[in-house]
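Chemist: Give me coordinates for this.
(2 chains, ligands or ions: 2)
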Amino acid sequence: MQLRVDKLGVITAALTAYGAFLAPFATFRANRIVAGEGRSISEALPPTWAALVLLVVIVAIILAILKTPGVLRLAIALCALAVLALAIGAAAGQLTPPENTYARVSPASGFWLLLFALALLAADALTRLRPSPLVRVAILSAVLGFIAVVLISGAWDGLSLLKEYASRADTFWAEAGKHVMLALGSLAAATAVGIPLGVLCHRVPRLRDGLLGALNAIQTIPSIALFGILIAPLGWIALHVPGAAAIGIRGIGTAPAFVALFLYSLLPIVANTVVGLAGVPREANEAARGIGMTDFQRLAGIEFPLAFPVILTGIRIVLVQNIGLATIAALIGGGGFGVFVFQGVGQTAMDLVLLGAVPTVLLAFTAAIVLDAVIETATPYHNRVQSA
Amino acid sequence: MIEIEGITKRYGETTVVKDVSLTIAPRTVTVIVGTSGSGKTTLLRMINRLVEPTSGTIRLDGEDNRTLPGFELRRRIGYAIQGHGLFPHRTVAQNIATVPTLLGWDRARIDAKVAELLTLFQLDPAAFGPRYPHELSGGQQQRVGVARALAAEPKVLLMDEPFGALDPIIRAKAQDDLLAIQKHFETTIVLVTHDMEEAFHLADRIAVMDKGEVVQYATPAEMLVKPATPFVESLIGAGERPFRLLAIETVADAVEPGAAEGEAISSTASQREALSALLWSGRKALPVIGPDGAVIGKVSLEGLAQRAAGPA
Ligand SMILES: Nc1ncnc2c1ncn2[C@@H]1O[C@H](COP(=O)(O)OP(=O)(O)O)[C@@H](O)[C@H]1O
Ligand SMILES: [Mg+2]
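Modeler: Ligands and ions are numbered 1, 2, ... in the order given. Just a heads-up that it's a prediction; the model follows:
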């Protein structure tokens, strides 16, 4: 058998090797805000765990460098990631002195590098395997399920991140709810407004340039500035429109965050609706008219379904963008995961920052994968072209 | 019966269709020919009111085509265009079912109609019904496009260069199929093309358009013998005239009494095919067989030469 080298695999392997052998695996700190000391895999882990981690890492490096089947690469990457996830929990037990509630153990650069490199290996293998949408969602569910089981089992309880969580469990879920509400609520509002606007732009070309230009301009306003701009009008509405304050409209807080996310969401949705409708084959439109469809039947039965995948792509962009942007809402008291990020920055407590950042990334990632799967499922006639 | 009376269409200053009057007999094929931009499509689209005329009236079976709202009128008139215009996200069966569904037919009747049309167009309903348009060949897509236009059993079928995207062999077959279908459903067909060969092959009557005007409306034979203007003459092609003349008539019309040697030709073949067979085999005459296979006479080189000669 001839052994051939995989170019991307070499980079992945180099990262993995650096993460495993040169960078510190875990950080130990005497309390939550002092500077930490790095610990290598052999220092941070009990001998059997250390051996297991090194074993899977070495196998992963070898399989990554050589041209190996995608399934094998995916399997070793996922397996190594699972071992890594359990090992970092074990490191907490190993490094924390007994009965010490101040000491903190958290993942260090080596761990993050390994995580990144192995995720890259898995993602690359997945791209090459081209799994069906259903399989992709199944893999995602398995990964999320694994994370949930590890969390519930308490294997990570010794980690600094979970200690931060333990002292804030109820605010965490309240902020999580707000975060999701902000991201999804503004998306829903933008979809409800943006799609009709897109249809209007398509039907009335004179409107198109002006509206898209205005939305484009909004998109270029930095988020903090947009919050600032919104404080005055929303504050005015709260004061002068009866009932507005009662439903939560204020110059600061959730309302301006919601409005800002809504405004940012409009451009991708309107623009994609316009592009999608413009991409409907001219002959299909002409035939639809020629055989007696009314304008509404043509829009609902022909144009919209054909433009739908493109519109969904816009919705996907907005959802992922909003999940990230919603973090900023905390700056003006809008809540969400950003609360932990900014508190953490203020207290120079990195673990608190992570408590906000990690769920945000996980949420955005999940949304992207699920919506990609939905988009692919929504276009059966396209898939067949590709497979034919 | 389609009566077009003094129809004019202007876009701003330019007159695209100028005072056109035509009467199209039921159950016939009328072909509108002319160079590109002469207003053929516009004229055709005024029949089903995809384009509203500036002045003039069009009556279908005596009824002004403005009595119904445009979309309801169009559901009663078949419409097929170049590049078929099938809906890419709907299956073949769903595409064909479009108009019956709009008209609110019940499921069983729609299914039966779809199956009937697919079979008529030589497409197996079980195999082709569930497919998407892009899974068909160009010729099959075109047939489905025509099947969709005929699904609600319209009395009138409008076709705008329906075979324009097909290669010559498939196109000839599609033309023959169309004639058979037209006989079967007794549809009145108005077809636009810029291909004279196609016009002579399909037409009961041909309308020649030039710069928005109909310059001649006549049977193919009349048009060959007496082209109304130099433009019509050039469109027919002076060198093609004798052959076109022979092409539109069958051998049955040229049979002479007597016998001849060699391979026979069918009386339903065109006289042009007979001429071709004569020239190729180097003979002076061919035996002719009737539909029952019995020899009914001969067709001769001399006889065909006389028939192909223009008026003195
Ligand atoms: N909607 C329209 N607006 C302005 N001019 C048009 C329009 N539709 C067609 N025309 C013009 O009318 C003329 C005839 O067009 P058409 O009927 O499509 O010709 P043909 O089908 O014979 O090629 C062309 O010069 C075309 O540019
Ligand atoms: Mg045309």
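Chemist: quick one: residue B:190 is in a strand?
Modeler: Yes. With DSSP: H, G, I helix; E, B strand; the rest coil as the criterion, residue B:190 is part of a strand.
Chemist: Could you count how many residues lie near the residue of chain A found nearest chain B?
Modeler: Closest to chain B within chain A is residue A:287: 3.0 Å, counting by CB to the nearest CB. C-beta: built from backbone N, CA, C; applies to glycine. Residue A:287 has 26 neighbouring residues, counting by other CB atoms under 10 Å in any protein chain shown.
Chemist: How about residue A:150?
Modeler: Around residue A:150 there are 16 other residues, counting by other CB under 10 Å.
Chemist: Spit out the contact partners of it.
Modeler: A:85-86, A:89, A:156 (CB atoms under 8 Å, 6 or more residues apart in numbering or on different chains).
Chemist: So residue A:337 is in contact with residue A:364, correct?
Modeler: No. Taking contacts as CB atoms under 8 Å, residue A:337 lies outside contact range of residue A:364: 10.7 Å.
Chemist: about what we covered before: which of the contacts of residue A:150 sits closest to residue B:67?
Modeler: Within these, the smallest distance to residue B:67 is 74.5 Å, found for residue A:85 (CB to CB).
Chemist: Ligand 1 versus the closest residue in space to that closest one that isn't next to it in sequence, what's the distance?
Modeler: Spatial nearest neighbour of residue A:85, excluding adjacent residues (CB to CB, 6 or more residues apart in numbering or on different chains): residue A:150 at 6.0 Å. Note on residue A:150: its distance to ligand 1, by CB to the nearest ligand atom, to the nearest Å, is 66 Å.
Chemist: circling back: which one of residue A:337 and residue A:364 is surrounded by more residues?
Modeler: residue A:337 (28 against 18).
Chemist: Would you list the phi and psi of the more buried one?
Modeler: phi -60, psi -20 (degrees, to the nearest 10).
Chemist: which residues does it contact?
Modeler: A:175-176, A:179, A:326-327, A:330, A:356-357, A:359-360.
Chemist: Inside helices: which ones of these?
Modeler: Mapping the contacts of residue A:337 onto helices (DSSP state H) picks out A:175-176, A:179, A:356-357, A:359-360.
Chemist: Restricted to buried residues, select the residues you listed in ChimeraX.
Modeler: Selection of buried members from those for ChimeraX, criterion 16 or more other CB atoms under 10 Å in any protein chain shown:
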select /A:175,176,179,356,357,359,360
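Chemist: Reformat the ones in helices among the contacts of residue A:337 as TSV; add distance to chain B and pLDDT.
Modeler: Converted to TSV, those look like this (distance: CB to the nearest CB, whole Å; pLDDT from 0 to 100):
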residue	distance to chain B	pLDDT
A:175	42	93
A:176	38	94
A:179	36	94
A:356	42	93
A:357	41	93
A:359	38	93
A:360	36	94
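Chemist: which of the ones in helices among the contacts of residue A:337 lies closest to residue B:185?
Modeler: Set against residue B:185, the nearest of the ones in helices among the contacts of residue A:337 by CB to CB is residue A:179 (63.3 Å).
Chemist: need the contact list for the closest one.
Modeler: A:323, A:326-327, A:329, A:335-338, A:359-360, A:363.
Chemist: Swap in 7 Å and give it another go.
Modeler: By CB atoms under 7 Å, 6 or more residues apart in numbering or on different chains, residue A:179 lies in contact with A:326, A:336-337.
Chemist: could I get the residues you listed as a markdown table with pLDDT?
Modeler: Compiled in a markdown table, the contacts of residue A:179 are given as follows (pLDDT from 0 to 100):
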| residue | pLDDT |
| --- | --- |
| A:326 | 91 |
| A:336 | 91 |
| A:337 | 93 |
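Chemist: Out of these, which is nearest to residue B:125?
Modeler: Distances from residue B:125 to those, taken by CB to CB, are shortest for residue A:326, at 52.6 Å.
Chemist: Does the closest one touch residue A:183 like I think?
Modeler: Yes. Here residue A:326 reaches residue A:183: they are 4.7 Å apart, a contact under CB atoms under 7 Å.
Chemist: Which pLDDT value goes with the residue of the stretch 51-200 of chain B found nearest chain A?
Modeler: Per CB to the nearest CB, residue B:85 is where the stretch 51-200 of chain B lies closest to chain A, at 3.0 Å. pLDDT, residue B:85: 91.
Chemist: helix/strand/coil for it?
Modeler: What three-state DSSP gives for residue B:85 is coil.
Chemist: out of the contacts of residue A:337, who's nearest residue A:203?
Modeler: Of all these, residue A:203 sits closest to residue A:326, with 32.9 Å by CB to CB.
Chemist: Could you measure from the closest one over to residue A:249?
Modeler: Look at residue A:326 and residue A:249: by CB to CB, to the nearest Å, they are 18 Å apart.
Chemist: who has more neighbours, these two?
Modeler: residue A:326 (30 against 20).
Chemist: Contact residues of the stretch 101-250 of chain B facing chain A?
Modeler: Near chain A, the residues belonging to the stretch 101-250 of chain B are B:102, B:132, B:134-135, B:149 when assessed by CB under 7 Å from any CB of the partner chain.
Chemist: ok, 10 Å please
Modeler: Within the stretch 101-250 of chain B, the positions adjacent to chain A are B:101-103, B:131-135, B:145, B:148-149, B:151-152, B:154, B:158, B:160 by CB under 10 Å from any CB of the partner chain.
Chemist: circling back to that earlier point, pull up the overlap in contacts between residue A:326 and residue A:183.
Modeler: Common neighbours of residue A:326 and residue A:183, using CB atoms under 10 Å, 6 or more residues apart in numbering or on different chains, are A:258, A:261, A:336, A:360, A:363-364.
Chemist: Need those residues in CSV (columns: secondary structure).
Modeler: Below are those laid out as CSV (three-state DSSP):
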residue, secondary structure
A:258, helix
A:261, helix
A:336, coil
A:360, helix
A:363, helix
A:364, helix
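Chemist: Looking at those, spot the one nearest residue B:192.
Modeler: Checking the shared contacts of residue A:326 and residue A:183 against residue B:192 with CB to CB, the nearest one is residue A:261 at 53.1 Å.
Chemist: follow-up on the earlier one: mutual contacts of residue A:337 and residue A:364, please.
Modeler: Common contacts of residue A:337 and residue A:364 (CB under 10 Å, 6+ apart): A:323-324, A:326.
Chemist: These also near chain B: which ones?
Modeler: Of the shared contacts of residue A:337 and residue A:364, not one also sits near chain B (CB under 10 Å from any CB).
Chemist: List the contacts of residue A:133.
Modeler: Applying CB under 10 Å, 6+ apart to residue A:133 gives the contacts A:369-370, A:372-378, A:383.
Chemist: Now with 7 Å, please.
Modeler: By CB under 7 Å, 6+ apart, the neighbours of residue A:133 are A:373, A:376-377.
Chemist: can you give me the strands in the stretch 151-300 of chain B?
Modeler: Along the stretch 151-300 of chain B, the stretches classed as strands by DSSP state E, counting those that start in this stretch are B:156-160, B:188-192, B:205-210, B:213-218, B:265-266, B:285-289, B:295-300.
Chemist: which secondary structure elements does the second one contact?
Modeler: Under the contact criterion of 3 or more CB pairs under 7 Å, 6 or more residues apart in numbering or on different chains; DSSP states H and E, the helices and strands touching strand B:188-192 comprise strand B:29-34, helix B:40-47, strand B:156-160.
Chemist: Of all those, which one is nearest residue A:11?
Modeler: Counting by CB to CB, residue A:11 lies closest to strand B:156-160 out of these; the figure is 57.2 Å.
Chemist: mean confidence score for that closest one?
Modeler: Strand B:156-160 shows a mean pLDDT of 96.
Chemist: can you check stretch A:366-376 too?
Modeler: On average, stretch A:366-376 scores 91.
Chemist: Buried ones in it, by neighbour count?
Modeler: Buried-residue list, stretch A:366-376, by 16+ other CB under 10 Å: A:366-373, A:375-376.
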